[in-house]
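**Q** what's the 3D shape of this:
(4 chains)
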Number of protein chains: 2
Amino acid sequence: MAVASSISTRIINAVLSQKLKPGARLGEQELATLFQCSRTIVREAMVDLAARGIVIVSPRRGWYLPEVNVEMARELYDAREIIETGLLRAFARRKETLDAGTLARLRVHLAEQKAAIESEDVERRSYLLGDFHVCLAQCLGNQVLASKLRDLTVLTTLFTMRHQTPGDARLSYEEHVAVVDALASGNASAAEHCMCQHLGTWEAKVHLVREHDPLEKLRQALTSPKDLPARVSRPAVEAKADEGNI
Amino acid sequence: MAVASSISTRIINAVLSQKLKPGARLGEQELATLFQCSRTIVREAMVDLAARGIVIVSPRRGWYLPEVNVEMARELYDAREIIETGLLRAFARRKETLDAGTLARLRVHLAEQKAAIESEDVERRSYLLGDFHVCLAQCLGNQVLASKLRDLTVLTTLFTMRHQTPGDARLSYEEHVAVVDALASGNASAAEHCMCQHLGTWEAKVHLVREHDPLEKLRQALTSPKDLPARVSRPAVEAKADEGNI
DNA sequence: CATTCATATCTTGCATACAAGATTGATTGA
DNA sequence: TCAATCAATCTTGTATGCAAGATATGAATG
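**A** Predicted coordinates for the structure are as follows:
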């Protein structure tokens, strides 16, 4: 017996952990039995996620994780760069400085990232590398933008999963460390620069996808609801994927 | 008989038109009879709006438009400045230029703003002055951020309504014209500067509110769910308010 | 007269029932 | 053998019923 918010949170975390792939079907009855509640609660969670763009509904067919195409991926990466560098820029302009508690929270997060990488815990590593950006936004003091950023992060994760961008987890981790180090030394502008570079390398890969995969346009064109994979042939719980994080 | 999305859209537009005030109660049965549908559809719309932060739910009491406090208003204005200037900055960096059709759309929007101001159509004027920012974001090519920006605009409108910031509609309109003019002349950086100034004057007023109204903190502290106005004494349809737009 | 308590009414939270549409799979025909 | 059709099954969309909690009203009491 669960409330709707816990269901949507679980789904979001599953995506960030790359345990749910784009195109995955989210059956109402399946989720209802899994969470031991009625379909009403599940639908409430689905409507919540749909409002945030994290699931899409195909009428009378069901709820699916979106297949993020290249155009949307460009928007998503642009949006993330604008928000994340903008937060750091505003922080720098205010000449604020992170208090010890907040800095400690970021250090702990970095330590968890490192531990997940070294223990080769792929799911947790994927989750933490994505969650870091949200955590940073929260630490910079804007809960509203942090909330919006979480949704964007979920969608970019869906994109990188499908396109198997060869992500280097350790490199991402080190770039995260660079951002926090810059903030710790009171140089928020440098942190902004680090973040811009960090996101920029990933954003650049979006453009490469289009050139690298000439079938991209055709594939996207053919991914209309009718061409979605059949229901029973697609298990709800996907096998674990790896890499592809920021 | 209406679908959920039309209900949520109508509510959003009513807020942008300042026909619904912060703290307004949205009764399920009331809306169901008004839209000639069952409570199920209404609840779907409410969950949608709640996911976007536009309504808050008080358990077993009902759905309310939020009373945006000063802290959240600061976050909202920061977020809007980051997103809106960021979009213009990215546009400038790409050295893109608006095509004729897009520019025409913005010009039409400006003309409608002017007409609403001159005919003293307060509701439409309020709506258009807020909607312009969303329209601009769409024209700059990022639908994802435009969607998020719409939700933020609704919330800032709620804030300005409560705090009765003395908005000068004509000044806002002229600043909108300046932004579009700069874009039309291919100077997106200038447009970013105009927008930053446009938003900055409003954001500065948020800080003034705190100093101007020493009861602000107390008022916010006492606005817990229990202290919300009683149900029957608060009609669902509010009288029209005026001014307070960006 | 003010305060407290109990009851009646109203509203939301949740589950369930039923209708409508979609998919699957078997059957029929060429 | 392949294509088309039709029936059976499954899934979502919507309405409704009932329980639980909250508010308001009025009586009773100090």
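**Q** Which element, helix or strand, includes the residue of chain A positioned farthest from its centre?
**A** Largest separation from the mean C-alpha position in chain A: A:Lys95, at 29.4 Å (CA atoms, centre = their mean). For A:Lys95, there is no host helix or strand (DSSP states H and E).
**Q** That one and B:Ala178, how far apart?
**A** 29 Å (CB to CB, to the nearest Å). C-beta here means a position set from N, CA and C on the backbone, and glycine is covered the same way.
**Q** next one: A:Ala92
**A** The spacing between A:Ala92 and B:Ala178, counted by CB to CB, is 27 Å.
**Q** Next one: A:Val42 from A:Thr33, what distance?
**A** For A:Val42 relative to A:Thr33 (CB to CB), the value is 10 Å.
**Q** Same question for the helix or strand hosting A:Leu155: list its buried residues.
**A** Secondary-structure assignment from DSSP H and E places A:Leu155 in helix A:143-163. Across helix A:143-163, burial judged by 16 or more other CB atoms under 10 Å in any protein chain shown covers A:144-163.
**Q** near chain B too, which of these?
**A** Residues of the buried residues of helix A:143-163 in contact with chain B (CB under 8 Å from any CB of the partner chain): A:Val144, A:Leu145, A:Ser147, A:Lys148, A:Leu152.
**Q** need those residues in TSV with pLDDT and distance to A:Leu26, can you?
**A** Formatted as TSV, these follow (pLDDT from 0 to 100; distance: CB to CB, whole Å):
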residue	pLDDT	distance to A:Leu26
A:Val144	98	27
A:Leu145	98	27
A:Ser147	98	22
A:Lys148	98	22
A:Leu152	98	20
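**Q** near DNA strand D, which of those show up?
**A** On the criterion CB under 7 Å from any atom of the strand, none of the entries of these sits beside DNA strand D.
**Q** Let's have those in JSON lines, adding distance to DNA strand C.
**A** Putting these into JSON lines (distance: CB to the nearest atom of the strand, whole Å) gives the following:
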{"residue": "A:Val144", "distance to DNA strand C": "23"}
{"residue": "A:Leu145", "distance to DNA strand C": "27"}
{"residue": "A:Ser147", "distance to DNA strand C": "21"}
{"residue": "A:Lys148", "distance to DNA strand C": "24"}
{"residue": "A:Leu152", "distance to DNA strand C": "28"}
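**Q** Out of these, which comes closest to B:Glu67?
**A** A:Val144 (15.2 Å; CB to CB).
**Q** Give the helix, strand or coil label for the residue nearest to the closest one when sequence neighbours are not counted.
**A** Counting by CB to CB, 6 or more residues apart in numbering or on different chains, B:Glu75 is the residue found nearest to A:Val144 once chain neighbours are left out, at 4.5 Å. Assigned by DSSP: H, G, I helix; E, B strand; the rest coil, the conformation of B:Glu75 is helix.
**Q** Please name the residues that touch B:Glu75.
**A** Residues in contact with B:Glu75 (CB atoms under 8 Å, 6 or more residues apart in numbering or on different chains) are A:Gly141, A:Asn142, A:Gln143, A:Val144, A:Leu145.
**Q** least trustworthy helix or strand in chain A by mean pLDDT?
**A** helix A:216-222 (a mean of 55; mean pLDDT, DSSP states H and E).
**Q** distance of A:Glu30 from DNA strand D?
**A** 7 Å (CB to the nearest atom of the strand, to the nearest Å).
**Q** quick one, strands of chain A?
**A** For chain A, strands defined by DSSP state E occupy the ranges A:25-26, A:56-58, A:62-64.
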